[in-house]
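> How does the following fold in three dimensions:
(2 chains)
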Amino acid sequence: MFPLSKTNLLKLFLILSIVLFLFVAQNNFNDYTIRILNNIAIFIILAASYNLINGVTGQFSLEPNGFVAIGAYVTALALLSEDMKWELFQLEDPHPWILALHLDLIPALFFSGLAATIVAVFLATPVFRVRGDYLAIVTLGFGFIIKVIAINNPEFTNGSIGLNEIPTVINLYWTGGLAILTVIFMLNVIYSKYGRAMKAVRDDEDAASAIGINTFKIKTLAFGTSAFFEGVGGGLLAILLTTISPDLFTFFLTFQLLIIIVLGGLGSMTGAVIGSVIVVGGMEWLRFLDGPLFLFGMDFGSHPGLRMVVFSVLLIIIMLFAREGIMGKRELFTLFKRKGKK
Amino acid sequence: MILEVKNITKNFGGVTAINNTSFSIESKQIYGLIGPNGAGKTTLFNIITGNYKPTSGDVFLTGTKITNKKNYKIVQDGIARTFQNIRLFSSMSVEENILIGFDSKAKYTYLESMFRLPRFFSHEKQIKQKAHEIMEFLDILQYKKELATSLSYGSQRKVEIARALATQPKLLLLDEPAAGMNPNETHELAQLLFKIRDHYNLTILLIEHDMKFVNHICDKVMVLDYGKTIFEGKIEDAVNDEEVIKAYLGDFKHA
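Below you'll find the model as predicted:
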């Protein structure tokens, strides 16, 4: 069933090396590095799932901050104990449903994803009546709505104060493991009839439906799947940060994910992984630029904000030399495949 | 009767694109739809395939009404089409393009593909085998892994026909299949269409401007002009029909 072809061996090698890396990292690296790696892993989950609807299905949408927020709140509320909730909710008393909500980590993450998926499926009907730029605007509105709902329902979300002291129960195995699983699930979908149909919708939606594809169903599937993993990623983000508030889930989060998937290559899952490492890791690595600079024995003084300038220049250079992103539409394990092989 | 079109009228605002047109196609026929530019031929195609809803009238496929069905459902019922300007999926290989046609034939669920359960592998293998057969039959197997849009025009046409055949249709609609081809390629295409009809037991409805080609392969033709049927019958009789001459060359008798 799994022939030991060159491609499959390469996939296996990639997975094993990442697992090995996680093991080494968790045991040897300092807390700061581990935290950044956690962050990268979560962004891989978010970017890979965002890539399914934006890159693979070609529906330019700007809603992930909404789904991430839903996931983060569900996980946070499920993990906080009843006493903690009484203590935290200062604007209004917590709603009885919120008090009753209590789950372990795995079910909490699962229901975070499920909640986002349910919202996505309901959202699909109005949203997919429009295409292209109009779709972007409609989904952008959804992100804002979620934020407004979070602020204005303090008995459910504690309003603009947000939630804190969320029990942190994760390590790299959790975030890294889920990131690997997410990428594998996404790739499994892409290399199936559903993935082919998604790509067909991206290439030519009218031709796709003329060849027997229910394009609305395919778009909803991609949207729902993307929402599920964004919800799970949101849950992990809440646990990692231990504190969340509506301000965390602004359009800037979506924007960051958009940079990652465009940089990695729209439609490429391994591209999303590489993009996450470069954007999230690179931002941290360039942090020294914000402090006082001593280069080649010279004192350049301190320039707060220099980090963003350098990072933006790097992005421009990468996009100039790799128009379709670093990976284009290819995957890491198909790079060495000979074209035209029978 | 494989296809029956009854009293179809289609208005776009004030323009009547199709005016009370009826015709029917018998099984295994090759039926030609001809007429000057803007006569409403492609509009009629779009009505049959469910892309447009007719203002009035009905379309029947083997006796079942398909008038208000969604276009992807009509494909599953057995009508496949190609486009006037080739519309292949540009990011995909020839094989993948054809596999899309088998979409409803691969019966595994979304979760089965996500978790790579056994049914995924067996059904994928089946449709890949079938796609292989079609590619072999149309002589495009050597391009299997090539990007579909990188092929020559003639081969792209073949891929588009292969993709339509993959949906296992009863009726194949071809919109100007010989457009942009030289006489040699046109001749080859005619032979290919005969071969396809006999091998897959198909009925073919085609729009074409190349009269030599139409004369060679069509059993019956219908001439449309300004959305109206002005002639239906054998092509030999069409060229002597006064109405048809008027539509193509103008009314020179009274000029």
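> can we go C-alpha only for contacts and neighbour counts from here?
Noted.
> where in the chain is pLDDT low?
In the absence of a named chain, this looks at chain A. A:1-4, A:336-342 (pLDDT under 70).
> hm, I was asking about chain B
B:253-255.
> Find me whatever residue is spatially closest to the residue of the stretch 151-300 of chain A found nearest chain B, sequence neighbours aside.
Closest contact between the stretch 151-300 of chain A and chain B, by C-alpha to the nearest C-alpha, is at A:Gly212 (4.0 Å). Spatially, and ignoring its direct neighbours in sequence, A:Gly212 is nearest to B:Tyr72 (4.0 Å; C-alpha to C-alpha, 6 or more residues apart in numbering or on different chains).
> That neighbour contacts A:Ala207, correct?
No. Between B:Tyr72 and A:Ala207 there is no contact under C-alpha atoms under 8 Å: 10.1 Å.
> how deep is A:Leu295 tucked in, by neighbour count?
8 (other C-alpha atoms under 10 Å in any protein chain shown).
> Relative to A:Phe311, how far out is it?
18 Å (C-alpha to C-alpha, to the nearest Å).
> A:Asn39 too?
For A:Asn39, the distance to A:Phe311 - C-alpha to C-alpha - is 18 Å.
> give the contact list for A:Leu293.
A:299-302 (C-alpha atoms under 8 Å, 6 or more residues apart in numbering or on different chains).
> What helix or strand is the residue nearest the centre of chain A located in?
Centroid-nearest residue in chain A, with C-alpha atoms, centre = their mean: A:Leu46, separated by 0.8 Å. Using DSSP states H and E, the element containing A:Leu46 is helix A:31-51.
> packing partners for the helix or strand just after that helix?
Counting by DSSP H and E, the next helix or strand C-terminal to helix A:31-51 is helix A:64-79. Under the contact criterion of 3 or more C-alpha pairs under 8 Å, 6 or more residues apart in numbering or on different chains; DSSP states H and E, helix A:64-79 touches helix A:105-127, helix A:133-152, helix A:215-241, helix A:251-264.
> Which positions within the third one qualify as buried?
Just to be clear, that refers to helix A:215-241. Residues A:215-216, A:218-240 are the ones in helix A:215-241 that count as buried (16 or more other C-alpha atoms under 10 Å in any protein chain shown).
> Identify each buried residue in the helix or strand containing A:Ala272, please.
Using DSSP H and E, A:Ala272 falls within helix A:269-276. The neighbour-count check on helix A:269-276 (16+ other C-alpha under 10 Å) flags A:269-276 as buried.
> Same list, the residues you listed, but as TSV with distance to A:Ser17 please.
Formatted as TSV, the buried residues of helix A:269-276 follow (distance: C-alpha to C-alpha, whole Å):
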residue	distance to A:Ser17
A:Met269	17
A:Thr270	14
A:Gly271	17
A:Ala272	18
A:Val273	14
A:Ile274	15
A:Gly275	18
A:Ser276	18
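> Contacting chain B as well, which ones from the residues you listed?
For chain B, no contacts are drawn from the buried residues of helix A:269-276 by C-alpha under 8 Å from any C-alpha of the partner chain.
> and the two most separated of these?
A:Met269 and A:Ser276 (10.7 Å; C-alpha to C-alpha).
> State which helix of chain B is the longest.
helix B:118-137 (DSSP state H).
> For the stretch 51-200 of chain B, which residue gets nearest to chain A?
B:Tyr72 (4.0 Å).
> Kindly reformat the helices and strands packed on helix A:64-79 as TSV containing distance to chain B.
As requested, the helices and strands packed on helix A:64-79 are exported to TSV (distance: least, C-alpha to the nearest C-alpha, whole Å):
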stretch	distance to chain B
helix A:105-127	15
helix A:133-152	21
helix A:215-241	8
helix A:251-264	17
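> and B:Lys234, which of the ones you listed is closest to it?
helix A:215-241 (40.0 Å).
> tell me what that closest one is packed against?
helix A:31-51, helix A:64-79, helix A:105-127, helix A:193-203, helix A:205-210.
> my guess is A:Asp204 contacts B:Ile86, does it?
No. The criterion here is C-alpha under 8 Å, and A:Asp204 misses it with B:Ile86 at 11.2 Å.
> For the stretch 51-200 of chain B, what lies in contact range of chain A?
Counting by C-alpha under 8 Å from any C-alpha, the stretch 51-200 of chain B sits next to chain A at B:71-76, B:80-81, B:87-91, B:96, B:99-101, B:103-104, B:106, B:110, B:113-116, B:121, B:124, B:142-146, B:163-164, B:167.
> which of these are buried?
Buried, going by 16+ other C-alpha under 10 Å: B:71-76, B:80-81, B:87-91, B:96, B:99-101, B:103, B:106, B:110, B:113-114, B:121, B:124, B:143-146, B:163-164, B:167, out of those.
> Just the ones of those in helices?
Checking those against DSSP H, those in helices are B:71-76, B:96, B:99-101, B:110, B:113-114, B:121, B:124, B:163-164.
> all helices for chain B, in order.
B:41-48, B:71-77, B:94-101, B:110-114, B:118-137, B:153-166, B:183-200, B:211-217, B:235-238, B:242-249.
> Stretch A:306-326: which residues count as buried?
A:306-307, A:319, A:324-326.
> Nearest to chain B among these?
Set against chain B, the nearest of the buried residues of stretch A:306-326 by C-alpha to the nearest C-alpha is A:Glu324 (12.6 Å).
> How many residues are close by the nearest residue to the closest one once chain neighbours are set aside?
For A:Glu324, ignoring the flanking residues on the chain, the nearest one in space by C-alpha to C-alpha, 6+ apart is A:Gly265 at 5.7 Å. Neighbourhood size, A:Gly265 [other C-alpha under 10 Å]: 27.
> Would you mind measuring from B:Glu232 to chain A?
28 Å (C-alpha to the nearest C-alpha, to the nearest Å).
> Now do the contacts for that residue.
B:220-223, B:238.
> Rebuild these as TSV, extending it with distance to chain A.
Formatted as TSV, these follow (distance: C-alpha to the nearest C-alpha, whole Å):
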residue	distance to chain A
B:Lys220	26
B:Val221	25
B:Met222	24
B:Val223	25
B:Ala238	32
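> Need those in JSON lines (columns: neighbour count).
Listed next are these as JSON lines, based on neighbours: other C-alpha atoms under 10 Å in any protein chain shown:
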{"residue": "B:Lys220", "neighbour count": "20"}
{"residue": "B:Val221", "neighbour count": "24"}
{"residue": "B:Met222", "neighbour count": "19"}
{"residue": "B:Val223", "neighbour count": "23"}
{"residue": "B:Ala238", "neighbour count": "19"}
